[in-house]
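Enquirer: For reference, the sequence and a predicted model appear below.
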Amino acid sequence: MVRVYLHEVTKIFGKSVVALDKVELEVKSGEFMVVMGPSGHGKTTLLRIVAGLEEPTDGEIWIGDILVASPGKGIFIPPKDRNVGMVFQNWALYPHMKVFDNIAFPLRLKRLPRNEIEKKVREIAEILGIAETLDRYPRQLSGGQQQRVAIARALVKEPQVLLMDEPFSNLDARIRVTARAFVKDIQRKLGITTILVTHDPADALTLADRIAVLRRGVVQQIGLPSEVYDKPANIFVASFIGDINLFEGSIIGKGNETYFDGGDVKMQLPPNIGIPSNESAILGIRPEDIVLSKEIISNNDLIYVGKGIVEISEFAGGKFNVMVKLQSTEIRVVSSTSFRLGEMVHVYFNAQRIKVFDKQTEKLIYG
Ligand SMILES: Nc1ncnc2c1ncn2[C@@H]1O[C@H](COP(=O)(O)OP(=O)(O)OP(=O)(O)O)[C@@H](O)[C@H]1O
């Protein structure tokens, strides 16, 4: 297996559309990297540049020890010589070809002998659990099976790198869970260096060894799923990877007497939080890090925020999505117990889990 390394890669379309801006990304050998970001923020461009379907405007792309693209050095290795497999968003299966021929296509391009093609196609179809569909046309397959055919076609030429562009977006929610588990399992079995791009945090959190978050072509953070979720670099990352309540306010006092004053949401912060007084700040807390209780709780790990009224309490399979109103501020809570509408509850934030962001830069300064 190989590592993939993008060094200060910039891609500008036309005169001014900056799709990627000095992207620095190292995908280790055998690693499953998920690149996430909103629509139009450069994810597909990044994959196409690694595949060689697009030339960077600046920077270098390495696959293993080979420099495959460097405008500065006049190097550009075309896709067919990069040994990369790609699964496109729409799977791009040929409708008039049977599954066997779809999978065999890249091998025929390489002019492999017929018996070798037959062997490789059957082998990969077996691994992907689609051996019984080889004689059918794509339209005769379920969405999940079509996706497997697309993956089989990408893998059959035994690429060193697998690139996947939103591979689950055509699948409905229930199949998506199985499909994710399947992709993770195959990737682990084959140990193939993989880059998957998605706008769906669930894909990223469940699949990735590491996640890279892109915003307007700029890498915001690269880290383990737990790091990106628990220690997001900034407000953009924090709210893109999961739900988070955000409150604007300022820091008051210091040392053991440090407070956050956000109007309705006022609270004492953990001691020596290290943020200067008078600083404008945004306090963030994820819904699952809030505790609601009908009675007062005495627990050093919980920060008391105030009394609120339950406005919504919805069952969401083993948990409840609750909306509490604290004066005029609404707070989203994920709770293990349900509450009656209109009920008064005490609201606590888990002290270990609060995050404070600088208001100007939106960067994480505590948490
Ligand atoms: N061939 C092109 N010509 C001009 N602009 C392009 C081209 N391809 C992409 N762009 C622009 O580059 C930016 C990044 O696009 P890209 O397709 O990489 O985003 P994305 O994050 O993959 O979005 P999506 O999730 O919608 O596919 C966008 O502003 C897009 O309009």
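Expert: Nice, thanks for sending it over. Numbering: from 1, shown residues only.
Enquirer: mind listing what the residue of the stretch 51-200 of the chain found nearest the ligand touches?
Expert: Going by C-beta to the nearest ligand atom, the ligand is nearest to residue 199 of the stretch 51-200 of the chain, at 5.5 Å. (C-beta placed from N, C-alpha, C; glycine too.) Counting by C-beta atoms under 8 Å, 6 or more residues apart in numbering, residue 199 touches 36, 37, 38, 39, 43, 166.
Enquirer: Likewise for residue 179?
Expert: 144, 147, 167, 168, 171.
Enquirer: Wasn't the fourth one part of a strand?
Expert: No - when DSSP: H, G, I helix; E, B strand; the rest coil is applied, residue 168 is found to be coil, with no strand at that position.
Enquirer: pLDDT wise, what is it at?
Expert: We have a pLDDT of 85 for residue 168.
Enquirer: residues contacting it?
Expert: The neighbours of residue 168, taking C-beta under 8 Å, 6+ apart as the test, are 147, 176, 179, 180, 198, 200, 203.
Enquirer: swap in the second one?
Expert: With C-beta under 8 Å, 6+ apart as the criterion, the residues that contact residue 147 are 87, 91, 167, 168, 170, 171, 179.
Enquirer: same thing but at 7 Å, please
Expert: Contacts for residue 147 were tallied using C-beta atoms under 7 Å, 6 or more residues apart in numbering; they are 91, 167, 171, 179.
Enquirer: By neighbours, which of these wins?
Expert: Ranked by neighbour count under the definition other C-beta atoms under 10 Å, the contacts of residue 147 are headed by residue 167 with 24 neighbours.
Enquirer: surely it meets residue 85?
Expert: No - if you go by C-beta atoms under 7 Å, residue 167 and residue 85 don't touch, sitting 11.9 Å apart.
Enquirer: And for the closest residue to residue 220 other than its chain neighbours, the neighbour number?
Expert: The shortest distance from residue 220 to any non-neighbouring residue, by C-beta to C-beta, 6 or more residues apart in numbering, is to residue 213 (4.5 Å). Using other C-beta under 10 Å, residue 213 has 26 neighbouring residues.
Enquirer: Does residue 213 belong to a helix, a strand or coil?
Expert: Three-state call for residue 213 (three-state DSSP): strand.
Enquirer: That one and residue 344, how far apart?
Expert: Plainly put, residue 213 is 39 Å away from residue 344 if you go by C-beta to C-beta, to the nearest Å.
Enquirer: Check the burial of residue 52 by counting its neighbours.
Expert: Around residue 52 there are 20 other residues, counting by other C-beta under 10 Å.
Enquirer: Residue 106 now?
Expert: Counted with other C-beta under 10 Å, residue 106 comes out at 19.
Enquirer: give the contact list for the residue nearest to residue 220.
Expert: Residue 213 neighbours (C-beta under 7 Å, 6+ apart): 36, 37, 220, 221, 228, 237, 240.
Enquirer: Next: residue 306.
Expert: With contact taken as C-beta under 7 Å, 6+ apart, residue 306 is in contact with 326, 347.
Enquirer: Fine, thanks again, bye for now.
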